[in-house]
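Asker: I'd like to go over a predicted model; first the sequence, then the structure.
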Amino acid sequence: MTSSRSRRAELRIGLAIIGIFLLYAAWNARQLLAGPELVVESPVDQATVSAAEPVVTLTGFARRGISELRVNGGRSFVDADGRFSETYALLPGENHFTVVATDRFGREAGVTRTVWLLSPGEAPVAASSAS
């Protein structure tokens, strides 16, 4: 009777260890299954820039096994922490920036930002509310 109880206790401990291992494996596998994470911190979408300084710096981070980061099709540098920062000259009017992160399995995450370069003397237009 005692050996039967000890075997049951050993079985419960073994099943608990296997359960913990499976939970740990599932928790770590979610990163592989989820694909890349991409965040563009700056600039905000629809930002306006004055003609006095016609440049914009895109900053943000990409995570989860990123193998490549592209901005408007051109390759961009990502540091060891997944952070990126690229400065671009702006053309007058509307400028589009598409940032795409690709992981080692070919899955992609993308973010698009539109930045407006104002003409000299042009004031930013406030967003109007529909009546």
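Answerer: Sure, I can see it.

Asker: just want the most central residue of the protein.
Answerer: Geometric centre of the chain, nearest residue: Leu38, 1.1 Å, by Cα atoms, centre = their mean.

Asker: partner residues bridging that one?
Answerer: Ala62 (DSSP bridges).

Asker: now do it, the pLDDT please.
Answerer: pLDDT for Leu38: 95.

Asker: isn't it right next to Arg64, touching?
Answerer: No. The pair Leu38 / Arg64 is not scored as a contact, 9.3 Å apart, by Cβ atoms under 8 Å. Using the backbone N, CA and C atoms, a C-beta is placed for each residue, glycine as well.

Asker: now Ser76: closest residue in space that isn't a chain neighbour?
Answerer: Leu69 (4.6 Å; Cβ to Cβ, 6 or more residues apart in numbering).

Asker: do Arg104 as well
Answerer: Closest to Arg104 by Cβ to Cβ, 6+ apart is Ser67, at 4.6 Å.

Asker: what does Asp45 give?
Answerer: Arg113 (5.2 Å).

Asker: quick one, what contacts that neighbour?
Answerer: Counting by Cβ atoms under 8 Å, 6 or more residues apart in numbering, Arg113 makes contact with 40, 43-45, 47, 58, 96-97, 99.

Asker: one more: Ala52?
Answerer: By Cβ under 8 Å, 6+ apart, the neighbours of Ala52 are Pro120.

Asker: assign a three-state SS to it, would you?
Answerer: Going by DSSP: H, G, I helix; E, B strand; the rest coil, the secondary structure assigned to Ala52 is coil.

Asker: Val39: neighbour count?
Answerer: By the criterion of other Cβ atoms under 10 Å, Val39 has 15 neighbours.

Asker: wait, it touches Gly60, no?
Answerer: Yes. If you go by Cβ under 8 Å, Val39 and Gly60 touch, sitting 4.9 Å apart.

Asker: shared neighbours of these two, anything?
Answerer: With Cβ under 8 Å, 6+ apart, Val39 and Gly60 have common neighbours Val111.

Asker: fine by me, thanks again.
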